[in-house]
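1. Starting from these lines, generate the structure:
(one chain, ligands or ions: 1)
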Amino acid sequence: MNKSIKELHELLINNEITSEELIKESLEKSEIVQEKYNAFVTICHDAKSSAITDELISGIPFGVKDNFSTKGVLSTGSSNTLNNYVPFFNATVIERLFNKGAVMVNKTVLDEFGMGGTGTTGHTGTVLNPWDKTRMCAGSSAGSACAVAAGVYPYALGSDTGDSIRKPAAYCGIVGYKPTYGMLSRYGLFPFASSMDHVGVLSRSVEDAAIVVDAMKGIDENDMTTWDSSHINLTESLTGDVKCKKLFYIKELCDINNYDNPSDELKLHLENFNKTLELCKDLGVEVKEESVDQKVLNAIDSVYVVLSCAEATSNMSNLTGIIFGPRGNSTNITEMMKEHRTKGFSPLIKRRFVIGSYVLQSENQDRYFKNAQKLRRLIVDIMKKFFKEYDGLILPVGTGPAKTLVGEADKLDNNTSALDEHLQIGNFGGFPSITIPNGFVNNLPVGVNITGNCYDDANVLNIAYALESKMSYKGQIAKEVK
Ligand code: GLN
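-> Residues are numbered from 1 along each chain as shown. A predicted model of the protein is given here:
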């Protein structure tokens, strides 16, 4: 199961292994990973093998974040408010994978409804990092990242509203790719902040990510944000030829002198990043430094908090315990809903609803919600201007390797730096964005991210692919150091 999709497909079509054997191995590994790292809400013991066809993913196991609706399989969003919810339909992306013969073997833990960046807030408990159990996987796609890094299967689905695929991928030493907004249908994904929600994939190589997205993409009449991408074949676009491509990085984020008392981890992380810039140059890619107003960079996270909390508050008002989820104990309907929500949501989520309600109140809307929308536009316009000249933005992911579990709560508690939050730019603009492993700091994996202009996924992925081929982290499986 440590192999790539193409390698597994070869073995399957040559009858050197069967889909049954792959599924059995994946389920056994799931048990071990569950025991050690708590990555799953459900393990699908009755997963059935499927026929091997020309489809590369046929017969191969995969995992699904538990905020995707899966027909007949518990789908909780890692929340007590849906701890008994079994959908009667599949999310479009899952249905498409099933139609091509992919086999779902488990549902993975997330931060409650995707609202978090630690992997510690799911109703079934904290997901531990498979490289070091004292550290977090980050979130919210914590279980998916953990399982792929531990070699349970070649890929798992995730969702990304702020960085939820791309940050756990970095912390677990794997690839995380969020395509352009609307390339993948969100129908059947539990909505968090609809203007920023993306479906994407966690895998151990750029090629695997491309294969899986190729298998899922396309117009869906149930998601009006989807667009026709039939002219794009991501897998075939991976030529590795990136000569004369142009990337930029943001000086204010990458210059160590911009940080007061930088930690050793941050120093090493930025050193790794600088080495990677050299690799880009070796590939014939031009890399330039650009400046963005520090005030704008510092505003990214506030904009994200205001907009995501506002959208989440509105989206999640349907969680009343009446249509789905455990019903509150009262004959009075208001009391029934109140009990369901009071008991069901964790305090961190409730706090987000308070923020969301506050910024949406008519007397506060101009000052907070509308202002945040204007800033979002400003940030996207700055990026779009850069993308006229460049193929992509390259930046280190976060401030170093995975953070320790002790004393780290939901990120809204922290005064985090712009370096920790810049991936949200990709969600503001709906930009294609991919994280790949970028070596190690203190024996723990760190990541580098490339974000490009909308609809330019093939180009962004090809640059990541070329860079990956210059490094030795492709396909790596977590080696537990602690
Ligand atoms: N960590 C961010 C948050 O707390 C992003 C989550 C996401 O992308 N789903 O909301």
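
2. Report the outermost residue of this protein with respect to its centre.
-> Residue farthest from the centre of the chain, counting by C-alpha atoms, centre = their mean, is Thr331 at 40.6 Å.

3. So it: helix, strand or coil?
-> Assigned by DSSP: H, G, I helix; E, B strand; the rest coil, the conformation of Thr331 is coil.

4. gap between it and Glu339?
-> Per C-beta to C-beta, to the nearest Å, Thr331 is found 12 Å from Glu339. C-beta coordinates here come from the backbone N, C-alpha and C atoms, glycine included.

5. In the protein, where is pLDDT below threshold?
-> For the chain, the stretches flagged by pLDDT under 70 are 407-416.

6. where along it do the strands fall?
-> All strands of the chain, identified by DSSP state E, fall at 40-43, 61-65, 103-108, 128-129, 132-136, 155-160, 175-178, 198-203, 246-250, 286-290, 392-396, 433-441, 444-451.

7. Which of those has the highest mean neighbour count?
-> Mean neighbour count (mean count of other C-beta atoms under 10 Å) peaks for strand 175-178 among these, with a mean of 32.

8. Check which helices and strands that strand sits against.
-> Secondary-structure packing of strand 175-178 (3 or more C-beta pairs under 8 Å, 6 or more residues apart in numbering; DSSP states H and E): strand 155-160, helix 166-172, strand 198-203, helix 206-216, strand 433-441, helix 457-469.

9. Direction included, what does it pair up with?
-> Sheet pairing for strand 175-178, assigned by DSSP bridges, gives strand 198-203 (antiparallel), strand 433-441 (antiparallel).

10. Does the ligand have contacts with that strand?
-> No: using C-beta under 6 Å from any ligand atom, strand 175-178 never reaches the ligand; the gap is at least 8.9 Å.

11. Return the residues in contact with Pro432.
-> Counting by C-beta atoms under 8 Å, 6 or more residues apart in numbering, Pro432 makes contact with 177-180, 183, 426, 451-457, 460-461.

12. Not counting sequence-adjacent ones, nearest residue to it?
-> With C-beta to C-beta, 6 or more residues apart in numbering as the criterion, Pro432 has its nearest non-adjacent residue at 4.2 Å, and that residue is Asp457.

13. measure the residue lying closest to Gly158 once chain neighbours are set aside to Ser164 for me?
-> Among residues not flanking Gly158 along the chain, Ser141 sits closest, at 3.4 Å (C-beta to C-beta, 6+ apart). According to C-beta to C-beta, Ser141 and Ser164 sit 5 Å apart.

14. Now for these two: what residues contact both?
-> Each of Leu110, Gly158 lies in contact with both Ser141 and Ser164 under the rule C-beta under 8 Å, 6+ apart.

15. For the ligand, see how far away the residue nearest to Gly158 is.
-> Remark: distance between Ser141 and the ligand (C-beta to the nearest ligand atom, to the nearest Å) = 8 Å.

16. Pretty sure that residue sits against Arg166.
-> No: counting by C-beta atoms under 8 Å, Arg166 is not a contact partner of Ser141; they are 9.1 Å apart.

17. When those two are compared, which one has more neighbours?
-> Ser141 (36 against 31; other C-beta atoms under 10 Å).

18. what residues are up against the more buried one?
-> Shown in contact with Ser141 (C-beta under 8 Å, 6+ apart): Lys65, Thr108, Leu110, Ala156, Gly158, Ser159, Asp160, Ser164, Ile165, Pro168, Gly176, Leu202.

19. so Arg188 sits right up against Ser69, yeah?
-> Quick fix: residue 188 is Gly, not Arg. Yes: counting by C-beta under 8 Å, Gly188 touches Ser69, with 4.0 Å between them.

20. re earlier: would you list the helices and strands packed on strand 175-178 in a markdown table and tack on distance to the ligand?
-> Shown next, in a markdown table, are the helices and strands packed on strand 175-178 (distance: least, C-beta to the nearest ligand atom, whole Å):
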| stretch | distance to the ligand |
| --- | --- |
| strand 155-160 | 5 |
| helix 166-172 | 7 |
| strand 198-203 | 8 |
| helix 206-216 | 17 |
| strand 433-441 | 11 |
| helix 457-469 | 19 |
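
21. Which residue would be the closest one in the stretch 251-400 of the chain to the ligand?
-> At 5.7 Å from the ligand, Ser308 is the closest residue in the stretch 251-400 of the chain, using C-beta to the nearest ligand atom.

22. how many neighbours does that residue have?
-> As a burial measure, Ser308 scores 25 neighbours (other C-beta under 10 Å).

23. Same check on the one 4 residues further on?
-> By other C-beta under 10 Å, 23 other residues sit near Ala312.

24. one step back: got the contact list for the residue of the stretch 251-400 of the chain closest to the ligand?
-> Counting by C-beta under 8 Å, 6+ apart, Ser308 makes contact with Met115, Thr161, Gly162, Phe192, Ala193, Met196, Arg352.

25. Okay, the fifth one and Phe353: tell me how far apart.
-> In this structure, Ala193 lies at 13 Å from Phe353, with C-beta to C-beta as the measure.

26. Touching both of those two, which residues are there?
-> Listed contacts common to Ala193 and Phe353 are Ala312; contacts here mean C-beta under 8 Å, 6+ apart.

27. More neighbours: the two, which one.
-> Using other C-beta under 10 Å, the more surrounded residue of Ala193 and Phe353 is Ala193, with 22 against 19.

28. mind listing what the nearest residue to the more buried one once chain neighbours are set aside touches?
-> Spatially, and ignoring its direct neighbours in sequence, Ala193 is nearest to Glu311 (3.7 Å; C-beta to C-beta, 6+ apart). Counting by C-beta under 8 Å, 6+ apart, Glu311 touches Phe192, Ala193, Ser194, Ser195, Met196, Gly356.
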